[in-house]
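1. Have a look at this prediction, sequence included:
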Amino acid sequence: MSVIKGLLPGVFLGLFLAPVSDAEPALDCVVKTVGGELTVAVTMKTPHPAEMLVNTPDGQSLFLRAADIPFQYPNTNDFESLESFTLNRISRATWFNDWGEPEAALILGPGGTYEIVLADNLETERENTLSFTCEFTIEKNNR
């Protein structure tokens, strides 16, 4: 019995330290060129958080999915079960400005590193909500 007691802490420690490198990421972003056009393939494990934003290389945060945003991207009523979507050079984020007029910005601009964030609540600190991130880089000469 004392042998089993001595082994149990090691077994439990091994379970917690076991590598999980084979697990699929909850959120993945892959830059591709399809028909000469740059695209970013985004895949998500389902179900996933309902809110999403893109942090751009110039420091902007473009909210694509959130409760108070009237123009959602991608445009679907069942986002939480959506497994993938594609961003391209004409994909836009749209919102209402301070004067109540719609404004839009291209999601993919010049080269640099972008970050996509999926979260239960984008208005709180990431460590205080369920969230997943992925980064991708677009080369400056890539159109």
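-> Cool, got the structure.

2. can you give me the helices in the protein?
-> Using DSSP state H, the helices found in the chain span residues 2-17.

3. okay, and for it, where does confidence drop off?
-> Within the chain, the ranges that satisfy pLDDT under 70 run 1-22, 141-143.

4. Now Thr113: closest residue in space that isn't a chain neighbour?
-> Nearest residue to Thr113 in three dimensions, chain neighbours excluded: Thr137, at 4.8 Å (Cβ to Cβ, 6 or more residues apart in numbering). The way it works is simple: take the backbone N, C-alpha and C, and place the C-beta from them, glycine included.

5. Is that neighbour in contact with Pro110, as I believe?
-> No: Thr137 is beyond contact range of Pro110, at 11.7 Å (criterion: Cβ atoms under 8 Å).

6. so what's the spatially closest residue to Pro74 that is not a sequence neighbour bridging to?
-> What sits nearest to Pro74 in space, not counting adjacent residues and going by Cβ to Cβ, 6+ apart, is Phe85, at 4.5 Å. Applying DSSP bridges to Phe85 gives these bridge partners: Val42.

7. now do the one 10 residues further on
-> Each beta-bridge partner of Trp95 is listed here: Glu103, as defined by DSSP bridges.

8. Run a quick neighbour tally on the spatially closest residue to Thr94 that is not a sequence neighbour.
-> Excluding its sequence neighbours, the residue lying closest to Thr94 (Cβ to Cβ, 6+ apart) is Phe71, at 3.7 Å. Around Phe71 there are 15 other residues, counting by other Cβ atoms under 10 Å.

9. Spit out the contact partners of Phe71.
-> Ala93, Thr94, Trp95, Pro102 (Cβ atoms under 8 Å, 6 or more residues apart in numbering).

10. thinking the last one is in contact with Arg92, fair?
-> No: taking Cβ under 8 Å as the definition, Pro102 is not a contact partner of Arg92, at 10.4 Å.

11. Looking at these two, which one has more neighbours?
-> Using other Cβ under 10 Å, the more surrounded residue of Pro102 and Arg92 is Arg92, with 14 against 10.
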